[in-house]
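K.L.:
Here is a sequence with its predicted model. Questions after.
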2 protein chains.
Amino acid sequence: MLIVQKYGGTSVGNIDRIKNVARRAVRSRKQGNRVVVVVSAMSGETDKLIGLAKQVSDSPEEREMDMLMSSGERISSALTALAIEALGVKSMSLTGRQAGISTDAAHTKARITGIAGDRILEALNQGYIPVIAGFQGMGPGSDVTTLGRGGSDTSAVAIAAAIRADLCEIYTDVDGVYTTDPNMVPKARKLDRISYDEMLEMASLGAKVLQTRSVEFAKNYNVPVLVLSSFNDNPGTLVTKEDEQMEKVVVAGIAYDKNQSKITVVNVPDRPGIAAEMFRGLAKANINVDMIVQNISSDGRFADISFTVPKTDSDKATRTTEKIAGKLGAKGVDRRDDIAKVSIVGVGMRSHSGVASKMFDTLAAHGINILMISTSEIKVSCVIENMYTELAVRVLHDAFELEKPMGQEAPPAKSKTRSGRKKA
Amino acid sequence: MLIVQKYGGTSVGNIDRIKNVARRAVRSRKQGNRVVVVVSAMSGETDKLIGLAKQVSDSPEEREMDMLMSSGERISSALTALAIEALGVKSMSLTGRQAGISTDAAHTKARITGIAGDRILEALNQGYIPVIAGFQGMGPGSDVTTLGRGGSDTSAVAIAAAIRADLCEIYTDVDGVYTTDPNMVPKARKLDRISYDEMLEMASLGAKVLQTRSVEFAKNYNVPVLVLSSFNDNPGTLVTKEDEQMEKVVVAGIAYDKNQSKITVVNVPDRPGIAAEMFRGLAKANINVDMIVQNISSDGRFADISFTVPKTDSDKATRTTEKIAGKLGAKGVDRRDDIAKVSIVGVGMRSHSGVASKMFDTLAAHGINILMISTSEIKVSCVIENMYTELAVRVLHDAFELEKPMGQEAPPAKSKTRSGRKKA
């Protein structure tokens, strides 16, 4: 197999761990695979560099930030290549540029525009294990660009797509994707497989295993991604395209996010365009709005508009909203920071009814009040009071019987012997 | 004027110093100059990276060492560019590659093969202060190379040559070139000017202000180099081509080197080729031999061959020499580590006689025994016992009246009012 292995910051966090990464790469190679390694910066390194820049300048130029931050991955890639060489296998570090990764000019958050995989393939053919500096590429004018936080995942998946790898392994400090946070629910179960869409919902909802953009990339180019730990030999979770088996599972996992605030504009005189005006203003202020709910009063004259924003944007969002609300003639603006979002995710929802109502019933049965509801094809999210987060996740995990294995022994086999799951 | 300013590791050693460098560059720009900055890595950074590599591998690949070490200058160049921007002047960091510096493939000690200065000039024309990562270039196959220790000086001088700068300023932690080490001789005087050849002798003899290769480069391309401190506003020393004024000065300075050992092969049966055989063997063992002296015994049958090597190579050199001496039928090999080399340097020696004998007389008058003598057109070196180094330097400094100024007020003016110096 042709395998891309990506190791995150904690996996290359010190010299011993870098040596461990080298052993893993060499082991896979000795098992007969052709191996390409992609590394993040040693953990803490990128923050250290950002810290230095902030001491020099209050608003550092993004081009310079990219020059600065991209150094972290150069260092870890060279050290990893040296560690592989020390095990007697030829290895060669490659920068994003040398690996042929082209991006647009959006410094600090560049998008990959193309990958010329020839130097990687050439190195492979010459018997090297190429070790590519993740998170970076080359923009127009041969300037160094970075892909934004978590960009190394995207580098790895994009490289896997470009060289038509059979598998992209993402090594991190957890050994896969769980039905929910195992720290919160001890009987949370590791999933053998999850679909790209489910992973997207899980990741963007706060199950921080894989960077959202990398999952989108994997989905678009149909790259199978195996999430696993660099600290043990557990089998991991395969993120792959949806199949029949997955569709039989109503709920794959439960995600939560405690880092949001809820803002409500009360009694806005209802007329066409009020929502548009409100959110245009927030977008201008660069505030990322997540859930949005609008209700019309029974007499149809007033609307309440609620939305959630990252807690870090909460002050700014409240100020901006108050200004707009004033113009719109609203009665006032409410803000709550003591909330959390809990979501159930599963591609099976498309073909199963009653999933949402089972969620609401379960929360109600435990006295948990729902402040906002938002649904998509494959997820249902509820905003609740923050203090009930753990309880909500636990009772939902029980209600949807997520602790029960689904009988998928080996990822590629389409097993028929699975515990049939009842429609919710 | 078009000026290249190079700042060494201590000058960019921390954030405050980087801000200081930014102020200097901006000040020069505001004085009407077009300024290009070249920086070393923050002091300690390169050693830190080498330390990491040695933890990973006993014999790290040089290609990877270059990838690793070149990160240090990327970081300092980006931080310096940010600091300049923070002062309201446009700035842009450029890697060796982006600055157009091509080198050969000799990783960790690459030689510059060419500089395409267009991107630097383009940045200047757009109003930027380009900040170039020193010490690095791009080798064949677009691999990163480094120029060896002190390579940033060479980068700066080479860039100055390529863009036809009027001046290359080398900022360091001393404020110029002194007649000798001011720590040893308090009345040592800072030279206003020194010729390339004198500087080469002074630098290679242990007055560690400017990297030898950079002086060779400056000489070959006739780049005026001003050595000065980044910590004060003292005028510095101009390293420039020889002129009439300089030739009138017999001795420009006194250098010393305490880091050598002397090895003597005693009573080698004399026949043609013995020296060749000896030094071929040492060269093969990669030992850098400095001074060589050969004497023939009065009956012409035996020769004594003495030479000096860096103290760090002393063990290896002795072992190698013993093997060769055995083959040659020599009586034995003596080694002394308690020696030092003291040299007087000056282009004026070419046209002045009696300089060497004055040196020998002075040493003899103070009871300092001379163990070896070696002369070139513009220097005389004596190996003496280490314990007499300070004394020798001091009495020679007095004897050649080096504390007396030469009346060179402003570097470019050819002053006529100078204290005539007597022939030695």
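P.N.:
Noted; the coordinates are in hand. Numbers count the residues shown, from 1 in each chain, chains lettered A, B, ... in the order given.

K.L.:
which residue packs closest to the closest residue to chain B within the stretch 101-250 of chain A, ignoring adjacent ones?
P.N.:
Going by Cβ to the nearest Cβ, chain B is nearest to A:Ser142 of the stretch 101-250 of chain A, at 6.3 Å. (C-beta placed from N, C-alpha, C; glycine too.) Residue nearest to A:Ser142 in three dimensions, not counting chain neighbours: B:Gln98, with 6.3 Å by Cβ to Cβ, 6 or more residues apart in numbering or on different chains.

K.L.:
my guess is that neighbour contacts B:Ile120, does it?
P.N.:
No. Applying Cβ atoms under 8 Å as the test, B:Gln98 and B:Ile120 come out as separate, 9.1 Å apart.

K.L.:
More neighbours: those two, which one.
P.N.:
B:Ile120 (25 against 22; other Cβ atoms under 10 Å in any protein chain shown).

K.L.:
so what's the residue nearest to A:Ser142 up against?
P.N.:
Going by Cβ atoms under 8 Å, 6 or more residues apart in numbering or on different chains, B:Gln98 touches A:Ser142, A:Asp143, B:Arg119.

K.L.:
neighbours of A:Tyr221, just the number please.
P.N.:
For A:Tyr221, the neighbour count with other Cβ under 10 Å is 14.

K.L.:
Quick check on it: phi, psi?
P.N.:
phi -100, psi 10 (degrees, to the nearest 10).

K.L.:
how about the lowest-mean-pLDDT helix or strand in chain A as PDB, C-alpha atoms only?
P.N.:
In chain A, no helix or strand scores lower on mean pLDDT, DSSP states H and E than helix A:244-248, which sits at a mean of 80. What follows is helix A:244-248 as a C-alpha-only set of coordinates in PDB (Å, rounded to 0.1, in the frame of the first residue of the first chain):
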ATOM      1  CA  GLU A 244     -25.000   0.600   3.500                       C
ATOM      2  CA  GLN A 245     -23.800  -0.500   6.900                       C
ATOM      3  CA  MET A 246     -23.400   3.000   8.200                       C
ATOM      4  CA  GLU A 247     -26.900   4.000   7.100                       C
ATOM      5  CA  LYS A 248     -28.300   1.300   9.300                       C
END
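
K.L.:
Could you look up the SS state of the residue nearest to A:Ala53 when sequence neighbours are not counted?
P.N.:
The shortest distance from A:Ala53 to any non-neighbouring residue, by Cβ to Cβ, 6+ apart, is to A:Pro60 (4.5 Å). With DSSP: H, G, I helix; E, B strand; the rest coil as the basis, A:Pro60 sits in coil.

K.L.:
For A:Ala81, give its distance to A:Arg27.
P.N.:
16 Å (Cβ to Cβ, to the nearest Å).

K.L.:
Which one of these two is surrounded by more residues?
P.N.:
A:Ala81 (33 against 13).

K.L.:
any idea whether the more buried one is helix, strand or coil?
P.N.:
Secondary structure state of A:Ala81, per three-state DSSP, is helix.

K.L.:
Pretty sure it sits against B:Glu62.
P.N.:
No. Contact criterion Cβ under 8 Å: A:Ala81 and B:Glu62 do not qualify, at 11.9 Å.

K.L.:
Next, the contact list for the residue of chain A positioned farthest from its centre, please.
P.N.:
Distance from the centre of chain A peaks at A:Asp299, with 42.2 Å (Cα atoms, centre = their mean). If you count contacts by Cβ under 8 Å, 6+ apart, A:Asp299 has none.

K.L.:
Kindly report the same for A:Ser230.
P.N.:
Applying Cβ under 8 Å, 6+ apart, the residues near A:Ser230 are A:Tyr7, A:Gly8, A:Ser11, A:Arg17, A:Asn20, A:Val21, A:Arg24, A:Tyr171, A:Thr172, A:Asp173.

K.L.:
Tell me the most packed of those, by neighbour count.
P.N.:
Highest count within the contacts of A:Ser230 by other Cβ under 10 Å belongs to A:Tyr7, 29 neighbours.

K.L.:
Kindly state the beta-bridge partners for that residue.
P.N.:
A:Val39, A:Tyr171 (DSSP bridges).

K.L.:
how about it, what does it touch?
P.N.:
Shown in contact with A:Tyr7 (Cβ under 8 Å, 6+ apart): A:Val21, A:Val37, A:Val38, A:Val39, A:Ser40, A:Thr80, A:Tyr171, A:Ser230.

K.L.:
Count the neighbours of the closest residue to chain B within the stretch 301-424 of chain A for me.
P.N.:
Closest contact between the stretch 301-424 of chain A and chain B, by Cβ to the nearest Cβ, is at A:Thr312 (23.8 Å). By the criterion of other Cβ under 10 Å, A:Thr312 has 12 neighbours.

K.L.:
Let's verify it: helix, strand, or coil?
P.N.:
Assignment for A:Thr312 (three-state DSSP): helix.

K.L.:
okay, it: pLDDT?
P.N.:
Reported pLDDT at A:Thr312 in the predicted model: 89.

K.L.:
got the contact list for it?
P.N.:
A:Asn259.

K.L.:
Excluding covalently adjacent residues, which one is nearest to A:Ala158?
P.N.:
Spatially, and ignoring its direct neighbours in sequence, A:Ala158 is nearest to A:Ile112 (5.0 Å; Cβ to Cβ, 6+ apart).

K.L.:
Roughly how far does the one you found sit from A:Asn222?
P.N.:
16 Å.

K.L.:
So which of the two has more stuff around it?
P.N.:
Neighbours per residue (other Cβ under 10 Å) separate A:Ile112 from A:Asn222, with A:Ile112 holding more: 23 against 10.

K.L.:
I'd like to know how far that one sits from A:Thr146.
P.N.:
11 Å.

K.L.:
Residues that sit against both of the two, list them.
P.N.:
Contacts common to A:Ile112 and A:Thr146, judged by Cβ under 8 Å, 6+ apart, are A:Gly137.

K.L.:
ranges for the strands of the stretch 51-200 of chain A?
P.N.:
Secondary structure of the stretch 51-200 of chain A (DSSP state E, counting those that start in this stretch): strands located at A:91-94, A:101-103, A:112-115, A:129-133, A:136-138, A:144-146, A:167-172, A:193-195.

K.L.:
For the nearest residue to A:Glu62 once chain neighbours are set aside, which residues are in contact?
P.N.:
Excluding its sequence neighbours, the residue lying closest to A:Glu62 (Cβ to Cβ, 6+ apart) is A:His107, at 3.6 Å. Contact analysis of A:His107 by Cβ under 8 Å, 6+ apart lists A:Glu62, A:Arg63, A:Met65, A:Asp66, A:Gly139, A:Asp143, A:Thr145, A:Thr146.

K.L.:
Could you tell me the per-residue confidence at A:His107?
P.N.:
Looking at A:His107, its pLDDT is 94.

K.L.:
and if you look at the one 4 residues further on?
P.N.:
Reading off the confidence values, A:Arg111 has pLDDT 91.

K.L.:
One more: the one 4 residues further on?
P.N.:
Here, the pLDDT recorded for A:Ile115 equals 93.

K.L.:
and if you look at A:Ser91?
P.N.:
98.

K.L.:
what does A:Ala285 give?
P.N.:
Model confidence at A:Ala285, given as pLDDT, is 85.

K.L.:
picking that back up, quick check: the residue of the stretch 101-250 of chain A closest to chain B touching A:Gly96?
P.N.:
No. Counting by Cβ under 8 Å, A:Ser142 stays clear of A:Gly96, with 11.6 Å between them.

K.L.:
Noted, bye for now.
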